[in-house]
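>>> here you go, sequence then predicted model.
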Amino acid sequence: MIIPSHDKSRKWLTKLNVIPAAHVRAFDVLQCWFGSSHRPEEFASDHFVDDSVLEEKLKSCSVIVGLHPDRATGSVQEVALKYGKPYMIVPCCVFYREFPDRVLANMKPVTTCEDLCEYLLSRDLNSTRMKLDFSGANQAIVSLPFQR
Amino acid sequence: MISGIILKRKFYKHFTRIGLLVNLGEINERVVRVSCEANAVPRLKSMLKIGDFIKLKNRSADGDNSFLNISWDSNLNLLLAESQAMKLKHNVDRKQPQPSIPKKEITGKQIENLRSRSLYDKMWGSLSPDASSTAKFLLAHFDGVDFLNEGSGVVDVCGGKGDLSMILAVEGVKSTVVDARSSAGCLSSKHR
């Protein structure tokens, strides 16, 4: 696990008296590439953690959340289905040139965010679509724990 | 016996009845009709203050839950004494020192105590609205904090700076930011 030296996320929690101990972190950070999709050169890094670390984390987690996950949108759903975990995806960018294999039931390529939502819904029949209360890309594809 | 706190005095036209808007624990506002002698009305007006604790003796016989009747003639002094005692007890409870928080543990109760703090509100407000509403959604639809904390907690894919994970952490939920960028988990300066 890589802990950035300048990370001071615990400061708020210390201020709020939630965590008095200074060495406790608010949340863990794993710097790695998520999913099996094509990795651009800008993300080719030697600092990434082992895939086994991420795999263990995914096996034991409760929910997988992807809030505007860019290229990882499809991977979040694939991984969640692979490990049988409930998930929540709020898709934003489509990257249709990078994912030409994404096609809807009517053979129309996925080019808009609306298409992407439908594509994700069609891949998992247990998932539902919900709307969050903020402006912009606010459509969430959710698979709740009782649906799994 | 039901205890409540007076929110607002609301005097009816009929001089022997006094209406009070009372907060009764779970129920937010109830109108309580108080019967009293005519000469006690000015005393009541001067003595019953908003925020006073009162005790209600019995419910109305007609079965209407929105009205709770108490008789208020000779027992006035007793009742006021009780209200004063409740008020004192309330003040004493408030002044008691808070129990020390165990290290390395975040519990739901501690978080609940923090909800009223202005600093907490400030943090919620300053984080991005999409992260805060997603956190609200997660807490509401995924069976609460206990379910989210199962195993290694929530995995926040492409969590970026960690806004969502920060909110979840304050709510007492374990989370992990997974991101390819070198700035993964580095909150903006105002949130550190």
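Done, it's in.
>>> quick check, the residue in chain B closest to chain A?
Among the residues of chain B, B:Gly185 lies closest to chain A, at 3.4 Å counting by Cβ to the nearest Cβ. The way it works is simple: take the backbone N, C-alpha and C, and place the C-beta from them, glycine included.
>>> that residue: what secondary structure?
Reducing the assignment at B:Gly185 to three states with DSSP: H, G, I helix; E, B strand; the rest coil gives coil.
>>> enumerate every residue touching residue 134.
Just going to use chain A. B:129-130, B:133 (Cβ atoms under 8 Å, 6 or more residues apart in numbering or on different chains).
>>> was after chain B, sorry
Contact partners of B:Thr134, counting by Cβ under 8 Å, 6+ apart, are A:65, A:67, A:88, A:90, A:132, A:140, B:164.
>>> average pLDDT for the helix or strand where it lies?
With elements delineated by DSSP states H and E, B:Thr134 resides in helix B:129-141, which encompasses its position. In this model, helix B:129-141 has a mean pLDDT of 86.
>>> likewise stretch B:167-185?
When pLDDT is averaged over stretch B:167-185, the result is 84.
>>> endpoints of it, how far apart?
End-to-end distance for stretch B:167-185, by Cα to Cα, to the nearest Å: 13 Å.
>>> list the buried ones in that stretch?
For stretch B:167-185, a neighbour-count test (16 or more other Cβ atoms under 10 Å in any protein chain shown) marks B:167-180, B:184-185 as buried.
>>> also stretch A:111-120?
A:113, A:115-120.
>>> would CSV of these with secondary structure be doable?
Formatted as CSV, the entries for the buried residues of stretch A:111-120 read as follows, by three-state DSSP:
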residue, secondary structure
A:Cys113, helix
A:Asp115, helix
A:Leu116, helix
A:Cys117, helix
A:Glu118, helix
A:Tyr119, helix
A:Leu120, helix
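>>> show me what whichever residue of chain A sits closest to chain B bridges to in the sheet.
The shortest separation between chain A and chain B is 3.4 Å, found at A:Val29 (distances taken as Cβ to the nearest Cβ). With DSSP bridges as the criterion, A:Val29 is bridged to B:Val177.
>>> can you list the low-confidence ranges for chain A?
Across chain A, residues meeting the criterion (pLDDT under 70) sit at A:1-25, A:38, A:41-42, A:44-45, A:147-148.
>>> nearest spatial neighbour of the residue nearest the centre of it, chain-adjacent residues omitted?
For chain A, the residue sitting closest to the mean C-alpha position, by Cα atoms, centre = their mean, is A:Gly66 at 2.8 Å. The spatially closest residue to A:Gly66, leaving aside those adjacent along the chain, is A:Val76, at 4.0 Å (Cβ to Cβ, 6 or more residues apart in numbering or on different chains).
>>> count the neighbours of that neighbour for me.
Using other Cβ atoms under 10 Å in any protein chain shown, A:Val76 has 26 other residues around it.
>>> thought it was touching A:Gly35?
Yes - counting by Cβ atoms under 8 Å, A:Gly35 is a contact partner of A:Val76 at 7.3 Å.
>>> stretch A:139-148 and chain B in contact?
Yes - with Cβ under 8 Å from any Cβ of the partner chain as the threshold, stretch A:139-148 lies in contact with chain B, specifically through A:140, A:142, A:144-145.
>>> what lies in contact with that stretch?
A:63, A:77, A:80, A:84-91, A:113-114, A:117, A:120-121, A:124, A:126-132, B:134, B:137, B:141-143, B:147.
>>> check stretch A:64-75 too.
Stretch A:64-75 is touched from outside by A:34-37, A:58, A:76, A:79-80, A:85-93, A:95, A:98-99, A:102, A:116, A:120, A:137, B:130-131, B:134, B:138, B:154-159, B:164, with contacts defined as Cβ under 8 Å, 6+ apart.
>>> just the buried members of those?
Among those, those that count as buried by neighbour count (16+ other Cβ under 10 Å) are A:34-35, A:37, A:58, A:76, A:79-80, A:85-92, A:99, A:102, A:116, A:120, A:137, B:130-131, B:134, B:138, B:154-159, B:164.
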